[in-house]
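1. next input, structure requested:
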Amino acid sequence: MPDGFSGAPPEALTTPATRAVEITASASAFNATRGIHCSVAETITVEFVDSPTAVDLVVAAGATYPYRIVKVTTGTGVVALY
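-> Model (predicted):
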């Protein structure tokens with residue numbers, strides 16, 4: 001999937017998101033995020049933009065994380081920020 005932020009300077013990734021999309025856990029990849037917001041406290045399984053290896057992350061409800069991910073295979077209440 002394309003990474004629309006690959007050439008952006010790091011400071012550009014700290015500005016507020018301008019779009020949000022709910023993520024449904026699946027085996028399908030999506031465009032790399034600027035970050036994610038989680039509405040459920042749980043363990044999610046994700047793949048990061050530069051690594052094809054899935055990892056488990058413990059997330060807190062109501063928290064926003066600067067994670068650049070391209071896939072969520074396990075988890076609910078995750079919103080992609082762009």
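2. beta partners for residue 22?
-> As for beta bridges, residue 22 partners with residue 79 under DSSP bridges.
3. apologies, that question was intended for residue 56.
-> residue 45.
4. that one against residue 42, yeah?
-> No - if you go by CB atoms under 8 Å, residue 56 and residue 42 don't touch, sitting 10.1 Å apart. Where C-beta positions appear, they are placed from N, C-alpha and C, glycine not excepted.
5. between those two, who's got more neighbours?
-> residue 42 (16 against 11; other CB atoms under 10 Å).
6. tell me who's in contact with residue 39.
-> 61, 62, 77, 78, 79 (CB atoms under 8 Å, 6 or more residues apart in numbering).
7. closest to residue 36 out of these?
-> In terms of CB to CB, no member of those lies closer to residue 36 than residue 78, at 5.6 Å.
8. how about the closest one: what's its closest non-neighbour residue?
-> Closest residue to residue 78 apart from its sequence neighbours, by CB to CB, 6 or more residues apart in numbering: residue 23 at 4.5 Å.
9. distance check, that neighbour against residue 70.
-> For residue 23, the distance to residue 70 (CB to CB, to the nearest Å) stands at 11 Å.
10. where does the protein dip in pLDDT?
-> When residues are selected by pLDDT under 70, those of the chain lie in 1-2, 4-5, 7-14.
11. how about the contacts of residue 39 in CSV, adding neighbour count?
-> Below are these laid out as CSV (neighbours: other CB atoms under 10 Å):
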residue, neighbour count
61, 10
62, 11
77, 16
78, 25
79, 16
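12. from these, which is closest to residue 18?
-> Distance to residue 18 across the contacts of residue 39 (CB to CB) is lowest for residue 79, with 13.4 Å.
13. so residue 38 sits right up against residue 44, yeah?
-> Yes - the pair residue 38 / residue 44 is scored as a contact, 7.3 Å apart, by CB under 8 Å.
14. joint contacts of the two?
-> With contacts defined as CB under 8 Å, 6+ apart, the residues shared by residue 38 and residue 44 are 59, 75, 78.
15. okay if I get these as TSV plus distance to residue 17?
-> Shown next, in TSV, are the shared contacts of residue 38 and residue 44 (distance: CB to CB, whole Å):
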residue	distance to residue 17
59	17
75	19
78	14
